[in-house]
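A.B. asks: this one's sequence-less:
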């Protein structure tokens, strides 16, 4: 991996990469915050006591983005000071998060159906408990926001449990809320997978640069 080129050229590449890397970390943090408090994604997470994958994933993105920002600073410090110890810490940190993001992307990719099924079950539990004031308020707000009715079968969900509701309008009787919400959720899942794999690919470049720069520092006798 050792190169005979000018060490300053590699140092500037390290600068450029880590600035982009830090911006990516800020972007991931921002995405996590949006996922957590966005009007179409996070509005009902707080009440979903038995359905919290979105809640957890939002905070995972916030934390990972913040840590990426810190790692980027370590990389820049290692490049400025030309310290192999800092560069090794930088490399190990990148490798650990590369593995985490790769596993995260695979898990999200393989767990899409269970996630959707879990949310359908969550909504159905709210319909089943519709006589409870909290559940009634939750479903009323949900149906108003997404212009939908019931959980999986529209207005028939309420008839199955012998409950009458006037919260559903004639226009949305046959638009199940699970389907309407998942239409909003699916793009977020795709973005989550893309961000995880894309960031992992970027980290491979960062690990390669850190090894090349560390090698060049050693050859230069720093």
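C.D. replies: Looks like it arrived, so ask away. These numbers were taken from a predicted model, which means no experiment stands behind them. Numbers count the residues shown, from 1 in each chain.
A.B. asks: Was I right to think residue 7 contacts residue 216?
C.D. replies: Yes. Applying Cβ atoms under 8 Å, one finds residue 7 in contact with residue 216, separated by 4.7 Å. Heads up, the C-betas are built off the backbone N, CA and C, glycines and all.
A.B. asks: Name the residue in these two with the higher neighbour count.
C.D. replies: A count of neighbours by other Cβ atoms under 10 Å puts residue 216 above the other of residue 7 and residue 216, at 22 against 18.
A.B. asks: so that one makes contact with residue 10?
C.D. replies: Yes. With contact defined as Cβ under 8 Å, residue 216 reaches residue 10; the gap is 5.3 Å.
A.B. asks: Could you list every helix and strand that the helix or strand hosting residue 59 packs against?
C.D. replies: Take DSSP states H and E as the rule and residue 59 turns out to sit in helix 53-81. Applying 3 or more Cβ pairs under 8 Å, 6 or more residues apart in numbering; DSSP states H and E, one finds that helix 53-81 makes contact with helix 7-37, helix 84-110, helix 177-220.
A.B. asks: any idea which helix or strand comes after the second one?
C.D. replies: Beyond helix 84-110 in the direction of the C-terminus, DSSP H and E gives the next helix or strand as helix 112-128.
A.B. asks: tell me what that following helix is packed against?
C.D. replies: Identification of packing neighbours for helix 112-128 by 3+ Cβ pairs under 8 Å, 6+ apart yields helix 133-146, helix 156-160, helix 177-220.
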